[in-house]
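Engineer: need a 3D model of the sequence below.
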Amino acid sequence: MFTFAYPAVFSRDDEGRFLVSFPDFPSAHTDGADASEATVEAIDCLGSSIAFAMVDKAIVPKPSRLKRGQKLIPVPLWIVAKLALYWAIRELGMSKSELARRLNVGETVVRRMLDPNHDTRLEKIQTALEALGKRVVLAYDAA
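Structural biologist: Next up, the predicted model:
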C-alpha cells in the first residue's frame with residue numbers, strides 16, 4: 001500500500017519562525033510562527049505544488065524515503081484521488097481520450113477529473129481508477 005505523504009524539512013530562521021521545505025519539490029517553501037502553523041501551511045503548500053505540476057502536465061514525483069529529522073506531510077484530501085488518477089494514466093501511458101472511451105464518457109469529463117481546480121465527485125474518479133486497475137483506500141492513524 002502507498003501512503004500519500006511527502007517528507008518535509010523543518011528548520012528555524014533567525015527570528016524563530018519555522019521554515020518548511022520539501023526535498024521532492026525544490027521550489028516549494030513555506031513557514032509558520034510555530035510548528036503547528038507551519039504544518040498547516042506545509043499541507044497547503046504541498047497541495048498547491050502538486051496542483052501546479054498537474055496543471056503544467058509535469059512529472060509529480062512519488063514521495064522519497066523519509067530521512068532522519070524530516071516529518072511526513074500528508075497530501076491534502078482534496079487532491080489525493082486526482083493525483084492517483086494522474087499517476088495511473090501516466091504509468092500506463094494512456095491518453096485522456098482512451099480513458100474516456102473506456103469509461104464511455106466525453107474527454108472533457110476526464111480532463112475535469114484531472115483538473116485540480118474542478119470539483120469532481122470522488123465516485124467518478126474511483127470508477128476511473130478501477131477501470132485502470134487501481135483504487136484509493138482511505139485510512140487513518142495517530143498524528
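Engineer: for the protein, longest helix please?
Structural biologist: helix 35-55 (DSSP state H).
Engineer: which residues sit against it?
Structural biologist: Residues from elsewhere that reach helix 35-55 (C-beta atoms under 8 Å, 6 or more residues apart in numbering): 6, 8, 10, 17-20, 22, 25, 27-32, 59-60, 71, 73-76, 78-79, 82-83, 86, 114-117. For the C-beta atoms, the positions are set from N, CA and C on the backbone; glycine is no exception.
Engineer: next step: those restricted to strands.
Structural biologist: 6, 8, 10, 18-20, 22, 25, 27-32, 71, 73-74 (DSSP state E).
Engineer: which residues are in contact with residue 112?
Structural biologist: Counted by C-beta under 8 Å, 6+ apart, residue 112 has contacts 118, 120.
Engineer: ok now the helix or strand hosting it, how far from the chain's centre?
Structural biologist: In this structure, residue 112 is located in helix 107-114 according to DSSP states H and E. Taking the mean of its C-alpha atoms, helix 107-114 sits 17 Å from the chain's own mean (C-alpha atoms, centre = their mean, to the nearest Å).
Engineer: next structured bit after it?
Structural biologist: Helix 107-114 is succeeded, C-terminally, by helix 122-131 (DSSP H and E).
Engineer: buried ones in that following helix, by neighbour count?
Structural biologist: Buried residues in helix 122-131, counting neighbours by 16 or more other C-beta atoms under 10 Å, are found at 124, 125, 126, 128, 129.
Engineer: pLDDT and distance to residue 136 for these - can I get that in a markdown table?
Structural biologist: Shown next, in a markdown table, are the buried residues of helix 122-131 (pLDDT from 0 to 100; distance: C-beta to C-beta, whole Å):
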| residue | pLDDT | distance to residue 136 |
| --- | --- | --- |
| 124 | 94 | 13 |
| 125 | 96 | 8 |
| 126 | 95 | 7 |
| 128 | 96 | 11 |
| 129 | 96 | 6 |
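Engineer: farthest pair within those?
Structural biologist: 124 and 129 (9.8 Å; C-beta to C-beta).
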